[in-house]
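Engineer: how would this look folded up:
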Amino acid sequence: MTQVLRARRLLSEWSWLDDHQLRIEDGIITAIEPIPAGVMARDAELLCPAYIDTHVHGGAGVDVMDDAPDTLDRLAMYKAREGVGGFLPTTVTAPVEAIHGALERIAQRYASGGRGAQVLGSYLEGPYFTPQNKGAHPPELFRELTLAELDTLIAVSRQTLRVVALAPEKPNALSAIRHLKQHGVKVMLGHSAATYDQTRAAFDAGADGLVHCFNGMTGLHHREPGMVGAGLTDPRAWLELIADGHHVHPAALQLCGCCARDRVVLITDAMQAAGMPDGRYSLCGEDVEMHDGIVRTASGGLAGSTLSLDAAVRNMVERAGVAPEDAIHMASLHPARLLGIDHQLGSLKPGKQANIIALNAGLHVHQIWIQGLALPL
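Structural biologist: Numbering: from 1, shown residues only. Here you go, the predicted model:
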């Protein structure tokens, strides 16, 4: 059965197309074409690719580390409401057994599927960090890098581990990067005190980019450009960005848009308090408190975010002056390219999965289709 979605404007991989329609068969886009003359009905003001959140710890009161059987189901439905068609549930620094349990549950949800945003695999954030820029991660649980332990993580995940985050100055980091890349795992650098040169050496070894750029790393200084400087200036580096206005100043968002427009990957880094009222929550086994939507540890440090990906897109447009089409690609095409799945997802193009969102002129989500199926919001 053929499904047709019509829009006043449709965002292709290259530009906006006025008064175009998508044809969908069996969850796959089969054609993009002008709407026939005389057809006045429109399904959306804007039709765009569904977003992909590559870095998310939780939301709607659940945490990826929770072992409740419906955790990922609830998170998948919550993410779909913000226009996310696919996501990587992201672990935190924890005892190895807890990390294994989370990877196993993610692998099971990846294999079984279900309603809501698609689980695209897992993202391991910790325990391979250094203490200086630890964020909310407990340094007493940090571990050294060994190839045998990495192989175990890949095996436990049933080869669904997509990203490993690590500090590039750790012993064996460069050999670990090369090993992970040989196994098809992406490597992001963060929660680290690495220098510019150490970061560039990690990119030379195959690392793919920076974990939430600016946060949890050495900053930009004119005599020591640090990890931020390496990421901004190296064309190989993808830059995760938490565009909530709290983690990164709007001027720094603008800087990323100027220096790395085609390499920014908008993420939420959201934790269980996302979508919930102010109050006390937990992250990395530590009590944290949310006030006015900002989550902090007892010492006052930021502890994840409550950002939604659709809000991140709007913030890049409204606070950083990024063109809407570029901001949308930062949340769709760019994460797909980072993960190496842009032949399947990330843009509206014949042959790709029909993961689609309808937006209004203000870039608010009105409807989402995942593999061609509309979900209630």
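Engineer: from N360, how far out is the nearest residue to A374 once chain neighbours are set aside?
Structural biologist: Nearest non-adjacent residue to A374, counting by Cβ to Cβ, 6 or more residues apart in numbering: Q367, 6.2 Å away. In short, each C-beta sits where N, CA and C put it, glycine included. Remark: distance between Q367 and N360 (Cβ to Cβ, to the nearest Å) = 10 Å.
Engineer: which one's more surrounded, those two?
Structural biologist: Ranked by neighbour count (other Cβ atoms under 10 Å), Q367 and N360 place Q367 first, with 17 against 11.
Engineer: wait, a helix at that one?
Structural biologist: No - counting by DSSP: H, G, I helix; E, B strand; the rest coil, Q367 is not part of a helix but strand.
Engineer: contacts only, for it.
Structural biologist: 43-44, 357-358, 374, 377 (Cβ atoms under 8 Å, 6 or more residues apart in numbering).
Engineer: and if you look at A243?
Structural biologist: Taking Cβ under 8 Å, 6+ apart as the test, what A243 contacts is 253, 266, 307, 312-313, 315-316, 319-320.
Engineer: what's the farthest-apart pair in those?
Structural biologist: L307 and A320 (14.3 Å; Cβ to Cβ).
Engineer: now do the strands in the stretch 1-150 of the chain.
Structural biologist: 2-11, 16-25, 28-34, 44-49, 51-56, 58-59, 62-63, 84-89, 118-119, 122-125 (DSSP state E, counting those that start in this stretch).
Engineer: now for the second one, which elements pack on it?
Structural biologist: What that stands for is strand 16-25. strand 2-11, strand 28-34 (3 or more Cβ pairs under 8 Å, 6 or more residues apart in numbering; DSSP states H and E).
Engineer: how about the shortest one: buried residues?
Structural biologist: By neighbour count on 16 or more other Cβ atoms under 10 Å, the buried set for strand 28-34 is 29, 32.
Engineer: return the distance of that strand from the chain's centre.
Structural biologist: 27 Å (Cα atoms, centre = their mean, to the nearest Å).
Engineer: contacts for that strand?
Structural biologist: 2, 10, 12, 17, 19-24, 348-354, 372.
Engineer: which parts of the stretch 201-350 of the chain are helices?
Structural biologist: 226-233, 250-260, 309-320, 324-330, 333-339 (DSSP state H, counting those that start in this stretch).
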